[in-house]
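J.: 3D, please:
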Amino acid sequence: MNLTTTYLGLHLRTPLVPSASPLSEELDNLRRMEDAGASAVVLHSLFEEQLRQDRLELHRHLEHGTESFPEALTYFPEPEQFFTGPEEYLRQIARAKAAVKIPIIASLNGATLGGWTEYARLIQQAGADALELNIYRIPAEAEVTPAAVEQNYIDILAAVKSVVTLPVAVKLSPFFTNFAHMARRLDAAGADGLVLFNRFYQPDIDLEALEVRPNLLLSTPMAMRLPLRWIAILHGKVRAALAATSGIHRAADVLKMLMAGADVTMLCSVLIRHGIRQIALIERELAAWMEEHEYSSVQQLKGSLSQKNCPAPGAFERAQYLRAISGWPTAGRPEESAAP
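T.: I've put the predicted structure just below:
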């Protein structure tokens, strides 16, 4: 059974890739992921806020004492005195590369141009095999136009691509007026991969404390429906590789994503909930289903149920909606009272 696939130019043993999460912060977990059958790993994210804090710390160290002793401007602190999160992240990449043989995909999480380009270059130098840009932005300013929001994504990608040669994927939210058009723009701007979709963590209100509280919920299999739909629409219509993420818990979910056109499927919540060994279970079930249904390779599956050859995807989507509504069961509906 040939489970190999290609993602971001990387030849992978299977389409099973753990996505960015706290699990990948520990080297032991990376080794366990490799042993369980992960074909690559996306490291936990380095956040834009950490980059800004890093620069503030550097500025503080360089300026410390200079108000009293101007000559102190010539005495810079040793680098280890102001290493913060970003520097540790670079060391983590190097350690990960030494600990496992599977590809390591670094992750930058932010919303503005910031210091992304500088750290993208350093991430490449640290040995990462690829880079995932997790552009996590919720536009809450009424004066920001949709065109400006979209251009921000393009500008970040272009800036990063201008300073690195390693493959770059963009992790996106689905909240664009025309997502297909946005995907095409990113593809034209040089994205090597599109990761669908980012999950925005929506807050809740604590009625006792009268506070807004972050509410982190693990995904359920229902969450896969949205990326499943859009991967099926985009397969064969963009050059970029397609990664499916969110809601993938079982081999059945992986199979559906592959048939829609995904190149890889990314796992997170299932590993947090049930453990890293789930990777091996999903792989066994994937291979068993393919053998039972006489598929010899992932490549044979990929895109078999996509909309690649659909001349009017919008009309197709509308038709499927009407089909679903018209097929809704009538049992249990209250009947209209008959006229006397």
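
J.: need the helix or strand of this structure with the lowest average pLDDT.
T.: Within the chain, no helix or strand scores below helix 48-63, which has a mean of 50 by mean pLDDT, DSSP states H and E.

J.: What residues of the helix or strand following it count as buried?
T.: Downstream of helix 48-63, the first helix or strand assigned by DSSP states H and E is helix 85-99. Buried residues in helix 85-99, counting neighbours by 16 or more other C-beta atoms under 10 Å, are found at 86, 89-90, 92-93, 96-97. Using the backbone N, CA and C atoms, a C-beta is placed for each residue, glycine as well.

J.: any chance of the residues you listed in CSV, plus distance to residue 181 and pLDDT?
T.: Converted to CSV, those look like this (distance: C-beta to C-beta, whole Å; pLDDT from 0 to 100):
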residue, distance to residue 181, pLDDT
86, 34, 81
89, 34, 92
90, 36, 93
92, 37, 94
93, 34, 96
96, 36, 97
97, 37, 97
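
J.: Turn these into JSON lines, columns for distance to residue 34.
T.: Putting the buried residues of helix 85-99 into JSON lines (distance: C-beta to C-beta, whole Å) gives the following:
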{"residue": "86", "distance to residue 34": "25"}
{"residue": "89", "distance to residue 34": "20"}
{"residue": "90", "distance to residue 34": "21"}
{"residue": "92", "distance to residue 34": "16"}
{"residue": "93", "distance to residue 34": "16"}
{"residue": "96", "distance to residue 34": "10"}
{"residue": "97", "distance to residue 34": "12"}
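
J.: So what touches the helix or strand harbouring residue 105?
T.: When elements are assigned from DSSP H and E, residue 105 belongs to strand 104-110. For strand 104-110, contacts defined as C-beta atoms under 8 Å, 6 or more residues apart in numbering pick out 8, 17, 20, 40-49, 51, 89, 93, 96-97, 116, 119-120, 123, 126-136, 156, 160, 169, 171.

J.: Next, the angle from that strand to helix 85-99.
T.: 160 degrees (axes from the mean of the first three to the mean of the last three C-alpha atoms, to 10 degrees).

J.: buried ones in strand 104-110?
T.: For strand 104-110, the neighbour count (16+ other C-beta under 10 Å) marks 104-110 as buried.

J.: Contacts made by stretch 120-130 with the rest, please.
T.: With C-beta under 8 Å, 6+ apart as the test, stretch 120-130 has contacts from 8-10, 40, 43, 89-91, 93-94, 97, 103-106, 108, 131, 160, 163-169, 192-193.

J.: about what we covered before: only alpha carbons, please: show the strand holding residue 105 as CSV.
T.: Once non-C-alpha atoms are left out, strand 104-110 reads as follows in CSV (Å, rounded to 0.1, in the frame of the first residue of the first chain):
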residue,chain,number,x,y,z
ILE,A,104,10.2,20.1,10.6
ILE,A,105,7.9,22.9,9.6
ALA,A,106,8.3,26.0,11.7
SER,A,107,5.3,28.3,12.4
LEU,A,108,5.0,32.1,12.7
ASN,A,109,1.8,33.5,14.1
GLY,A,110,0.9,37.1,13.6
